[in-house]
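>>> This is a predicted model, with the sequence first.
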Amino acid sequence: MSRGLGDVYKRQEIFQLKQFQAVAELEHMTRAAERLNLAQPALSRTIRNLENELGVPLFDRDGRRMRLNENGRILLRYTRQILASLQDARAEIDARKTGTESRIQLCVHSATALLPQLLADFLAVRPEVRFEITQRIFGETEQPSYDMLIDSLVGDEVLPRNSCLLLREDVVLAAAADHPLTRLESVRLSDVRSVPFVSLRRDRPWAKIIQNACNEVNFSPRVVAESDNPITLCDFVRCGVGVCFLPSRTGLPPQTDGIALLHLQDFAHVRQLYLHWRYSAYLPPHIAAFRDFCVRWFASLAPADRPQA
């Protein structure tokens, strides 16, 4: 095979894997074809050819519904690794071409209150690194455009791949320092059922986490105001607009005067703060340096700053 034909064949193999991944993740031929902007017959032919080449079925079929079987799950695992490694290589080459080897695109869904000090401390030792910060939420079918993500989970959920735990902290109820709840010896859910709440916008990750936690105990907060800014929420709490569920450390602004943190006796939840990186096989040195720094930085917080689970 000539070099030109070989290159075409390799490109076709990569595209074949991308098509397989789309069908595997969506479990639906039509939706996968729409995502890839392909005709459905062409996509169906690709999947059949791939199965013929491997000599095994990859899906259990039920009409248009496609469910991965064990063979398909094995191939999907390796497909993700191959495509992720290819994306990593392209990103590193592009960075070298554009002179952005030391840029970190950091998406922050959690711990915004600690972010300024974290970056200041890191840049003091790695001043050549440049950060681009976003809080954008990516849809399920979108390809996230970031290098690293700071996000959180409640409870003991398993962290995503390519992630490390930064901090475990209690979920608490923030109230104005002179709120009637602060005069109770202990606070229970029954004490707050009629109390007005303020919350992050419902499409924000933290709001969804709290809503799921409340659903588990059949509790629906009476939300009177929403914001997409955690600092604004704390201002609402301080002024008595409402109370708010917050992570006990990373959800608070630097100035917490006028805010009391209350532990509900029958709402014991722990928030896991984690750092995720999109690279799979090879981690660029500046990305690895920031990951390692984050782990050390959060571990070095004083015990008072790291509530016990």
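That came through fine. What you see is a predicted model; the values in this text were computed from it and never measured. Numbering: from 1, shown residues only.
>>> Now do the strands in the stretch 1-150 of the chain.
Along the stretch 1-150 of the chain, the stretches classed as strands by DSSP state E, counting those that start in this stretch are 59-62, 65-68, 103-108, 130-134, 148-154.
>>> Reformat those into JSON lines and put mean neighbour count, mean pLDDT and distance to residue 122 next to each item.
C-beta: built from backbone N, CA, C; applies to glycine. Below are these laid out as JSON lines (neighbours: other Cβ atoms under 10 Å; pLDDT from 0 to 100; distance: least, Cβ to Cβ, whole Å):
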{"stretch": "strand 59-62", "mean neighbour count": "13", "mean pLDDT": "86", "distance to residue 122": "45"}
{"stretch": "strand 65-68", "mean neighbour count": "15", "mean pLDDT": "84", "distance to residue 122": "41"}
{"stretch": "strand 103-108", "mean neighbour count": "19", "mean pLDDT": "91", "distance to residue 122": "10"}
{"stretch": "strand 130-134", "mean neighbour count": "14", "mean pLDDT": "92", "distance to residue 122": "9"}
{"stretch": "strand 148-154", "mean neighbour count": "20", "mean pLDDT": "87", "distance to residue 122": "12"}
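>>> Ok, which of the ones you listed comes nearest residue 34?
strand 65-68 (14.2 Å; Cβ to Cβ).
>>> Distance from the chain centre to that closest one, please.
Computed by Cα atoms, centre = their mean, to the nearest Å, the chain-centroid distance of strand 65-68 equals 26 Å.
>>> Residues in contact with that strand: which ones?
23, 24, 27, 28, 29, 58, 59, 60, 61, 76 (Cβ atoms under 8 Å, 6 or more residues apart in numbering).
>>> Can I get the buried part of the residues you listed as one PyMOL selection?
Entered in PyMOL, the line below selects the buried ones among the contacts of strand 65-68, by 16 or more other Cβ atoms under 10 Å:
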select buried, resi 23+24+28+29+58+59+76
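>>> Can you tell me which of the contacts of strand 65-68 is closest to residue 179?
residue 27 (48.3 Å).
>>> Who are the contact partners of that closest one?
Here residue 27 is in contact with 65, 66, 67, 68 (criterion: Cβ under 8 Å, 6+ apart).
>>> swap in residue 154?
Per Cβ under 8 Å, 6+ apart, neighbours of residue 154: 171, 209, 210, 212, 213, 269, 270, 271, 272.
>>> Pick out the most distant pair among the contacts of residue 27.
65 and 68, at 11.2 Å, using Cβ to Cβ across the contacts of residue 27.
>>> With distance to residue 287 as added columns, please give the contacts of residue 27 in TSV.
TSV is the format used below for those (distance: Cβ to Cβ, whole Å):
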residue	distance to residue 287
65	39
66	35
67	36
68	31
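>>> just curious, which of these is nearest to residue 93?
Comparing these against residue 93 with Cβ to Cβ places residue 68 closest, at 32.1 Å.
>>> Let me know the distance separating that closest one from residue 54.
Per Cβ to Cβ, to the nearest Å, residue 68 is found 13 Å from residue 54.
>>> any idea how far residue 299 lies from residue 121?
13 Å.
>>> of these two, who's got more company?
Shown here are residue 299 and residue 121; by other Cβ atoms under 10 Å, residue 121 has more neighbours (14 against 10).
>>> Just to check, the more buried one is in contact with residue 297?
Yes. Using Cβ atoms under 8 Å, residue 121 makes contact with residue 297 at a distance of 6.3 Å.
>>> for residue 103, what are its contacts?
95, 129, 130, 131, 132, 147.
>>> biggest separation within those residues, which pair?
Going by Cβ to Cβ, the pair spanning the contacts of residue 103 furthest: 95 and 131, at 14.3 Å.
>>> For stretch 200-211, measure first residue to last.
11 Å (Cα to Cα, to the nearest Å).
>>> make that stretch 148-163, sorry
9 Å.
>>> Domains of this structure: list them as residue ranges, please.
3-96, 102-309 (automatic domain parsing).
>>> winner for burial among those domains?
domain 102-309 (a mean of 16; mean count of other Cβ atoms under 10 Å).
>>> so how far is it from its chain's centroid?
The mean C-alpha position of domain 102-309 is separated from the chain mean by 12 Å, Cα atoms, centre = their mean.
>>> Which residues does residue 187 form beta bridges with?
residue 264 (DSSP bridges).
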